[in-house]
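Student: sharing a sequence plus its predicted fold:
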Amino acid sequence: MRLTSHIQEGMLNLFSSKLRSVLALLGVLVGTASVVAMVSGGELATNEAIKQFKTLGTDLLAVTISDAADEEHKLSSGVQESLTLLQAQQIISADKQIRDVAPYTQLYNPVQYNGHDMNASVMGVTDSFARIVHIELEKGRFISALDGYQFFCVIGHSLYEQIKQRSFSDPLGQQIQVGKNIFTIIGVAKPWPENSFVYAVIDSAVMIPVLSSTVLSKYATLNNIILRLTPNADIDQVKNHVTDYMNQHLANKRLFVRSAKELIVRMTKQSQILTVFLGLIGSISLIVGGIGVMNIMLVSVVERRREIGIRLAVGACSRDIRSLFLVEAIMLSLVGGTLGVIIGIIIAYIIALFQSWQFMLFLLPPLIGFTVSVATGIFFGFYPAYKASQLDPIQALRSE
Amino acid sequence: MSLLVNMQNITKIYRSGDSEFCALKGIDFYLEHGQMVAIVGASGSGKSTLMNILGFLDHGTSGHYFFDNEDVSHLQSEALAQIRNRKIGFVFQSFFLLPRLNVLQNVMLPLFYRGDETEYAKEKSLKFLAKVGMETFAKHKPNQLSGGQQQRVAIARALVGDPDIILADEPTGSLDSKTGQEVMDLFLNLHQQEKRTIVIVTHDAGVSKQCQRVVLLKDGKIVK
């Protein structure tokens, strides 16, 4: 078949001028590799960002209560300034889709151990807190409902490391000073991956029973509640019910409700925009690569003028000449594109390695990279092929 | 007997910017089947132009060209290419073999452009290589051959498509006298044994003497 012969001839011609062929496909290779590497990199980054939210679970809702700045969003039917613990825990009745509730307080009292100042924050939590945000213990136990107003605490892992540097004995069971009060350490938490969904750095926190925190400071208000919902819950419905519930009790307050799912969607969208942008930049280098192919094909056409003349004399029509050069350009792009995809994936892998990201093989970037590279070959190879086909046989035969 | 080639009042004018050059001035040229003709003339006489028009590499500015009783005067490049492929076999002074293809592939080239099957083309090409005595060199590259050997391959290539006319442009111009004569012997053989129509463009009197008929060109006009 004609096409097979063209391909065979094309391969013959490309192999016999190896250096030039390599130079031509280098442009496409680099361009394709950039597109694939950048888009894959973008996807990996997105993946990584979302992962931390996914490990917590997507069915989380975070409610924050703050002072109302304007009339528009104010809760005003209620009477209190802040929720009681019971009221906070009863929020579970506001909507059937709420499975678990963890209200918490945040304090900023100074923390000291053995007279040394510690870099730590203080959180008043309930037993459900560890459950909902997946805190695991390395030693001891977590706060329990029975702890009531007791001065027990669980320390985060970085705080644990800090303490170990100052003392020889195991912190578990030892005493730590929070503000003017002495707490006993009953538990040490394992390292907790930081997550902006929870407004706290648990690794450097001293977690005390929520009721105890109210004793510690009059500023200890239950301004934060984390809710775990049933899977695929209707988030808007829950938000409405929670707002209604809050409205029954609170006055002059404003509610912020964040859902993990919405956060993930928003982050994904942002990352996707970034990825598209990166892809466009990569495409610029692919265009440059295509121009390179075109240049080299043009040089090839000029150099092979006599050959074209001979072919024309021997019976080729202009379409045959055009096909000859077009096939060569496409083959160059195919090889360049394939190698580019492979190298692009390798680069993405290296990026993931250096950033300690999880590496995943995406199908879309290589597919895009490959298709675009072949299209580049066809597009940029067409003009030289056309020029070649328009040569006058007599002039061509006369060329040196 | 009908004429194979009947050119009437052919004029060729080359235009370059404002200047004009008239290469052929209303010549009448005819060719019968099975003739061996030498077209002779000094450089600038128009013999190359006549050969180009004869071989469908170009067409005249005015006049008529009847090939096998068909008016081919106004064919455009696509149609010219088709006729060229089927009817004309070229032999050039510089042999013009494609350097990257081997001898066999070079001979197969015209058949490839006709769309013939590869196996069939191979067989046919080997046959014609044998005819010129070059079949053992089938896998060689042109740069491994001497001038005379290359020209013989070129002749095989010209013959492989079974053309009506073999058109040779100074075929012995790059060869020494002995090899040149070997090539001429080949042409004479083709003419006498196979009754091929052969046109040789040359300025070498020794070549033209061996041809059945001589046409002399001077300043774009046929003198004899």
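Tutor: Sure, I can see it.
Student: residues in contact with the residue positioned nearest the centre of chain B?
Tutor: In chain B, the centroid-proximal residue (CA atoms, centre = their mean) is B:Leu167; its distance is 1.6 Å. Listed by CB atoms under 8 Å, 6 or more residues apart in numbering or on different chains, the contact set of B:Leu167 reads B:51, B:54-55, B:88-91, B:158, B:199, B:201. C-beta: built from backbone N, CA, C; applies to glycine.
Student: show me these that map onto helices.
Tutor: Of these, the ones assigned to helices by DSSP state H are B:51, B:54, B:158.
Student: okay, the residues you listed in JSON lines with distance to A:Ile343 next?
Tutor: Output for these, formatted as JSON lines (distance: CB to CB, whole Å):
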{"residue": "B:Met51", "distance to A:Ile343": "53"}
{"residue": "B:Leu54", "distance to A:Ile343": "55"}
{"residue": "B:Ala158", "distance to A:Ile343": "48"}
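Student: who wins for most neighbours among those residues?
Tutor: The residue in the ones in helices among the contacts of B:Leu167 with the most neighbours, by other CB atoms under 10 Å in any protein chain shown, is B:Ala158 (27 neighbours).
Student: that one contacts B:Phe90, doesn't it?
Tutor: Yes: counting by CB atoms under 8 Å, B:Ala158 does reach B:Phe90; the two are 5.8 Å apart.
Student: looking at chain A, which helix is longest?
Tutor: Chain A, longest helix under DSSP H: helix A:260-303.
Student: chain B now?
Tutor: Longest helix in chain B by number of residues (criterion: DSSP H): helix B:177-194.
Student: for that helix, buried residues please.
Tutor: B:179-184, B:186-188, B:190-191 (16 or more other CB atoms under 10 Å in any protein chain shown).
Student: over to stretch A:8-21?
Tutor: So for stretch A:8-21, counting by 16+ other CB under 10 Å, buried means A:9-10, A:13-14, A:17, A:20-21.
Student: so where does residue 123 fall, helix or strand?
Tutor: Unless you meant another one, I'm taking chain A. Applying DSSP states H and E as the criterion places A:Met123 in strand A:121-125.
Student: meant chain B actually
Tutor: helix B:118-131.
Student: now swap in A:Ala102 and tell me
Tutor: strand A:98-107.
Student: list the contacts of that strand.
Tutor: With CB under 8 Å, 6+ apart as the criterion, strand A:98-107 contacts A:61, A:83, A:85, A:88-89, A:91-92, A:121-126, A:128-129, A:131-133, A:179, A:199-200, A:210, A:213-214, A:216-217, A:219-230, A:238.
Student: for chain B, what's its nearest residue on the stretch 101-250 of chain A.
Tutor: Using CB to the nearest CB, A:Pro193 is the residue of the stretch 101-250 of chain A that sits closest to chain B, at 62.1 Å.
Student: now do the same contact list for the closest residue to that residue other than its chain neighbours.
Tutor: Leaving aside its sequence neighbours, A:Pro193 sits nearest to A:Gln52 (CB to CB, 6 or more residues apart in numbering or on different chains; 5.9 Å). Applying CB under 8 Å, 6+ apart, one finds that A:Gln52 lies in contact with A:193-195.
Student: so A:Ser259 touches A:Leu61, yeah?
Tutor: Yes: using CB under 8 Å, A:Ser259 is in contact with A:Leu61, at 5.2 Å.
Student: how near is the nearest residue to A:Leu298 once chain neighbours are set aside to chain B?
Tutor: In space, A:Leu298 comes closest to A:Pro384 once its chain neighbours are excluded; the distance is 4.7 Å by CB to CB, 6+ apart. Distance from A:Pro384 to chain B, counting by CB to the nearest CB, to the nearest Å: 18 Å.
Student: give me the phi and psi for A:Pro384.
Tutor: phi -60, psi -40 (degrees, to the nearest 10).
Student: what about it, neighbour count?
Tutor: By the other CB under 10 Å criterion, the neighbourhood of A:Pro384 contains 24 residues.
Student: who in chain A is up against chain B?
Tutor: Chain A comes close to chain B at residues A:2, A:5, A:12-13, A:16, A:306-307, A:309-320, A:393-394, A:397, as judged by CB under 8 Å from any CB of the partner chain.
Student: so which residue of chain A comes closest to chain B?
Tutor: Closest contact between chain A and chain B, by CB to the nearest CB, is at A:Gly315 (3.0 Å).
Student: A strand includes A:Arg150, no?
Tutor: Check again: residue A:150 is Gln, not Arg. No: applying DSSP: H, G, I helix; E, B strand; the rest coil, one finds A:Gln150 to be coil, outside a strand.
Student: related to what we said a few turns ago, what does the helix holding B:Glu123 rub up against?
Tutor: Counting by CB under 8 Å, 6+ apart, A:5, B:103-104, B:107-108, B:111-112, B:116, B:135, B:137-138, B:153, B:156-157, B:159-160 sit against helix B:118-131.
Student: mind running it again at 10 Å?
Tutor: Helix B:118-131 is contacted from outside by A:1, A:4-5, A:8, B:103-112, B:114-117, B:134-138, B:152-153, B:155-162, B:186, B:189-190, B:194, using CB atoms under 10 Å, 6 or more residues apart in numbering or on different chains.
Student: what are the ranges of the strands in chain B?
Tutor: B:3-16, B:19-32, B:36-41, B:62-67, B:70-71, B:88-91, B:165-169, B:197-202, B:213-218, B:221-222 (DSSP state E).
Student: one more: the stretch 101-250 of chain A?
Tutor: Listed in chain order, the strands found in the stretch 101-250 of chain A under DSSP state E, counting those that start in this stretch are A:111-113, A:116-118, A:121-125, A:137-140, A:152-155, A:175-178, A:181-189, A:205-209, A:224-229.
Student: buried sites along stretch A:136-151?
Tutor: In terms of neighbour count (16+ other CB under 10 Å), stretch A:136-151 has its buried residues at A:139-140, A:142-143, A:147, A:150-151.
Student: first residue to last residue on that stretch, what's the distance there?
Tutor: From its first residue to its last, stretch A:136-151 covers 21 Å (CA to CA, to the nearest Å).
Student: that one: how far from the chain's middle?
Tutor: Computed by CA atoms, centre = their mean, to the nearest Å, the chain-centroid distance of stretch A:136-151 equals 35 Å.
Student: give the rounded mean pLDDT of it.
Tutor: What stretch A:136-151 shows for mean pLDDT is 87.
Student: now do stretch A:271-283
Tutor: pLDDT averaged over stretch A:271-283 gives 84.
Student: contacts for that stretch?
Tutor: By CB under 10 Å, 6+ apart, the list of residues contacting stretch A:271-283 reads A:30-50, A:268, A:286, A:344, A:364-365, A:368-369, A:372, A:376.
Student: list the contacts for A:Ile287?
Tutor: Contacts of A:Ile287 by CB under 10 Å, 6+ apart are A:27, A:31, A:372, A:376, A:379-380.
Student: low-confidence ranges in the stretch 51-200 of chain A?
Tutor: For the stretch 51-200 of chain A, the stretches flagged by pLDDT under 70 are A:69-79, A:196.
Student: for chain A, give me its nearest residue in chain B.
Tutor: For chain B, CB to the nearest CB, closest residue to chain A: B:Asn85, 3.0 Å.
Student: on that earlier part again, run the chain-centre distance for the strand holding A:Ala102.
Tutor: Distance of strand A:98-107 from its chain centroid, counting by CA atoms, centre = their mean, is 27 Å.
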